[in-house]
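>>> A predicted structure for the sequence below; I have some questions about it.
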Amino acid sequence: MPKITLTTLNARYIHASLGLRYLQANMGELESSTSLREFVITTRPIDIVEKLLADSPDIIGFGVYIWNVTEITEVVSLLKTVSPDTVVVLGGPEVSFETESHQLSELADYIITGMADIAFGDLCQKILSSSKPLLKIIPAPQPRMEDICLPYRLFTETDIANRVVYVEASRGCPFKCEFCLSSLDKTAWPFDIDLFLESLQHLYDKGLRHFKFVDRTFNLKINTSIRILDFFLDKKDDGLFLHFELIPDHLPEKLKSVILKFPDGTLQFEIGIQTFNLDVQGLISRKQDNQKAIDNIAWLSHETSAHLHTDLIVGLPGEDVESFGRGFDQLVALNPGEIQVGILKRLRGTPIIRHTQTYDMRYNSSPPYNILSNDRIDFNQMQILSRFARYWDVVANSGRFKNTLPLFLGEKPFDRFLHFSNWLFETTDQTHKFELKRIFNLLHGYMTTVAKIPESESLPVLMADYSRSGQKGVASFMKITGRKALETRKGKVLTGAKRQAVHAQ
């Protein structure tokens, strides 16, 4: 019996590859000969090769993405060195565009570009029957959605208990935002809603309570969105958690009325704003009614219990630091749960490349292909903004400083946090691996000695956030001697306390 292995390297163990399961579900008569092996990018490539070859597979298919392409390149190189007769097939977005110039194209036996759900099984049939294709790079024809077997039966009880399970009611996107691979799609293609809901019921019956939808435009077809939401409303389960990506300017009243029915902690919406600059939106072919987007985010933030994850992008053509800062302040004022500050990436195949010369867009040639500079933001400024993004994630998006941030950010959030970001890097010379207690100490040090916020204002909010954080023991900023320290620990405001410059440890 032939042996076929499907594999990829996930960013973390908790991620379960939906793409591999689609391939396995569509192997036809070869499904019983196909096994699935997932690894994480921190595993040594040589150890991955050893485990892959332990089953002596005839064919190994790799799912290649921006987060794992470097590691997979090393894995495939080692694999073909020690087992050259093992057929290596690659697929995924990282090898589906600009394929011939990719280093992996020299190492692999075959590369499938595009949606490989059905094409991978067909290729394996040909390889095993010795009628090998003449082409090394094989464009996969767009499959009909009704011909794709849904993969959800392949999620195991271990997956459901320990990992993030991704689901999709549709593929593709009708919008043409040039930084996104989905801009290459002609439209969005829905799966049969009845079959999809049957699959959701199967997952629910097996114990799944966290559903992460990867549809690019969940609220594109409102009637379908409502059917899916109604499916979950009928469950009335306290442990239910649903993640959706929303179009920001499309939230009609009948969808709002359903959203309002969900209890606290159930819904999370990812909302890509990317930029509020109308000229920049025009340059990147992004159609967005900013006022409707603002109104919808404000409504979701103030009228519902949904957690909002919003996105902005640094480095878009035509946008300078001041413009980005204005958009950032505008989004902060709407009070979403998170603002993800992303650095523009030049993903393979995306139309954003057409602006390279006009706007002097210079990108990292290695993954994640992040922008290094353009005609509006030089390399030094881009580095500063990259650190801003990282520190904002550590401090603001952590959700641990809900009391401190409003005082800290004031009326100019971008300027205030940028100043703090620069100070933090000068003080620590690091961007990762901050212990939580140390962040509290650093914030206290900056607020009292740099921002000149009185301790009578800064200490109570820091103490309140520290008590919520679940940290044990006493942080350095709390070490104020005598009776006043005891009062502070009880959450009382210090009056007339002598300010201390507490150095972060």
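Nice, thanks for sending it over.
>>> can you give me the helices for the stretch 101-250 of the chain?
All helices of the stretch 101-250 of the chain, identified by DSSP state H, counting those that start in this stretch, fall at 104-107, 119-128, 157-162, 193-205, 222-233.
>>> in a markdown table: the ones you listed, plus mean neighbour count.
From N, CA and C alone the C-beta is placed, and that goes for glycine too. What follows is the helices of the stretch 101-250 of the chain, written out as a markdown table (neighbours: other CB atoms under 10 Å):
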| stretch | mean neighbour count |
| --- | --- |
| helix 104-107 | 16 |
| helix 119-128 | 20 |
| helix 157-162 | 12 |
| helix 193-205 | 15 |
| helix 222-233 | 17 |
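>>> among the ones you listed, which comes closest to Lys433?
Nearest of those to Lys433, taken as CB to CB: helix 157-162 at 24.9 Å.
>>> CA atoms of the closest one as PDB?
Extracted in PDB, the C-alpha atoms of helix 157-162 (Å, rounded to 0.1, in the frame of the first residue of the first chain):
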ATOM      1  CA  GLU A 157     -11.000  14.900  20.100                       C
ATOM      2  CA  THR A 158      -7.400  15.900  20.900                       C
ATOM      3  CA  ASP A 159      -7.600  18.700  18.400                       C
ATOM      4  CA  ILE A 160     -10.900  19.900  19.800                       C
ATOM      5  CA  ALA A 161      -9.700  19.700  23.400                       C
ATOM      6  CA  ASN A 162      -6.400  21.400  22.900                       C
END
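>>> Thr81 - how many residues pack around it?
By other CB atoms under 10 Å, the residues close to Thr81 number 10.
>>> correct me if wrong, but it is in a helix.
Yes: the assignment for Thr81, made by DSSP: H, G, I helix; E, B strand; the rest coil, places it in a helix.
>>> can you pull out the strands in the stretch 151-300 of the chain?
Under the criterion DSSP state E, counting those that start in this stretch, strands of the stretch 151-300 of the chain are mapped to 165-167, 170-172, 188-190, 210-213, 241-246, 267-274.
>>> below-threshold pLDDT in the stretch 51-200 of the chain: ranges please.
For the stretch 51-200 of the chain, not a single residue meets the criterion pLDDT under 70.
>>> one more time with 80, if that's ok
Using pLDDT under 80 as the threshold, the predicted model of the stretch 51-200 of the chain has low-confidence ranges 130-134.
>>> quick revisit: including mean neighbour count, could the strands of the stretch 151-300 of the chain go into JSON lines?
Rendered in JSON lines, the data for these read as follows (neighbours: other CB under 10 Å):
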{"stretch": "strand 165-167", "mean neighbour count": "20"}
{"stretch": "strand 170-172", "mean neighbour count": "20"}
{"stretch": "strand 188-190", "mean neighbour count": "17"}
{"stretch": "strand 210-213", "mean neighbour count": "17"}
{"stretch": "strand 241-246", "mean neighbour count": "20"}
{"stretch": "strand 267-274", "mean neighbour count": "22"}
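>>> adding distance to His302, write those strands out as JSON lines.
Rendered in JSON lines, the data for the strands of the stretch 151-300 of the chain read as follows (distance: least, CB to CB, whole Å):
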{"stretch": "strand 165-167", "distance to His302": "29"}
{"stretch": "strand 170-172", "distance to His302": "29"}
{"stretch": "strand 188-190", "distance to His302": "30"}
{"stretch": "strand 210-213", "distance to His302": "24"}
{"stretch": "strand 241-246", "distance to His302": "16"}
{"stretch": "strand 267-274", "distance to His302": "14"}
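>>> quick one: closest of the ones you listed to Leu9.
Taking CB to CB, strand 165-167 is the member of these nearest to Leu9, at 16.3 Å.
>>> just the residues contacting the closest one, thanks.
Contacts made with strand 165-167 from outside it, assessed by CB atoms under 8 Å, 6 or more residues apart in numbering, are listed as 16, 18, 152, 155, 159, 199-200, 203, 208, 210-214.
>>> cool, and stretch 382-399?
Under the criterion CB under 8 Å, 6+ apart, residues 314-315, 321, 324, 337-343, 370-373, 377, 401, 405, 417-418, 420-422, 424-425, 431-432, 434, 439, 443 lie in contact with stretch 382-399.
>>> returning to that earlier point: nearest to Leu331, out of the strands of the stretch 151-300 of the chain?
With distances scored as CB to CB, the stretch of the strands of the stretch 151-300 of the chain nearest to Leu331 is strand 267-274 (6.3 Å).
>>> the closest one pairs with which strands, and in what direction?
Looking at strand 267-274 with DSSP bridges, its paired strands and their directions are strand 241-246 (parallel), strand 307-314 (parallel).
>>> tabulate these (TSV), appending mean pLDDT.
Converted to TSV, the strands paired with strand 267-274 look like this (pLDDT from 0 to 100):
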stretch	mean pLDDT
strand 241-246	97
strand 307-314	98
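>>> JSON lines please, covering the ones you listed and showing distance to Lys3.
Listed next are these as JSON lines, based on distance: least, CB to CB, whole Å:
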{"stretch": "strand 241-246", "distance to Lys3": "36"}
{"stretch": "strand 307-314", "distance to Lys3": "41"}
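>>> quick revisit: closest one to Ile353 among the strands of the stretch 151-300 of the chain?
Shortest separation from Ile353 across the strands of the stretch 151-300 of the chain is recorded for strand 267-274, at 17.4 Å, computed as CB to CB.
>>> relative to helix 222-233, how tilted is the closest one?
Strand 267-274 and helix 222-233 meet at an angle of 150 degrees, taking axes from the mean of the first three to the mean of the last three CA atoms, to 10 degrees as the criterion.
>>> chain center to strand 267-274: distance?
Its chain's C-alpha centre and that of strand 267-274 lie 11 Å apart, by CA atoms, centre = their mean, to the nearest Å.
>>> what's the first-to-last distance across stretch 215-230?
17 Å (CA to CA, to the nearest Å).
>>> for it, what does the pLDDT average out to?
Here stretch 215-230 scores 96 as its mean pLDDT.
>>> before we move on, back to that, give me the ChimeraX select line for the contacts of stretch 382-399, limited to the buried ones.
In ChimeraX, a selection of the buried entries from those looks like this (16 or more other CB atoms under 10 Å):
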select :314,315,321,324,337,338,339,340,341,343,370,371,372,373,377,401,405,417,418,420,421,424,425,431,439,443
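>>> how many other residues sit next to the nearest residue to His250 once chain neighbours are set aside?
Nearest-residue entry for His250: Asn219, 5.6 Å, with adjacent residues in sequence omitted and distances by CB to CB, 6 or more residues apart in numbering. Neighbouring residues of Asn219 were enumerated by other CB under 10 Å; the total is 22.
>>> that older thread, which one of the helices of the stretch 101-250 of the chain lies closest to Thr43?
With CB to CB as the measure, helix 157-162 is the member of the helices of the stretch 101-250 of the chain nearest Thr43 (17.2 Å).
>>> and the closest one, how far out from the chain's middle?
Put simply, helix 157-162 sits 21 Å off its chain's centre (CA atoms, centre = their mean).
>>> cool, stretch 162-177 as well?
For stretch 162-177, the distance to the chain centre is 12 Å (CA atoms, centre = their mean).
>>> what does stretch 115-123 give?
The gap between the average C-alpha position of stretch 115-123 and the chain average comes to 26 Å, counting by CA atoms, centre = their mean.
>>> what about that stretch, how long is it end to end?
13 Å.
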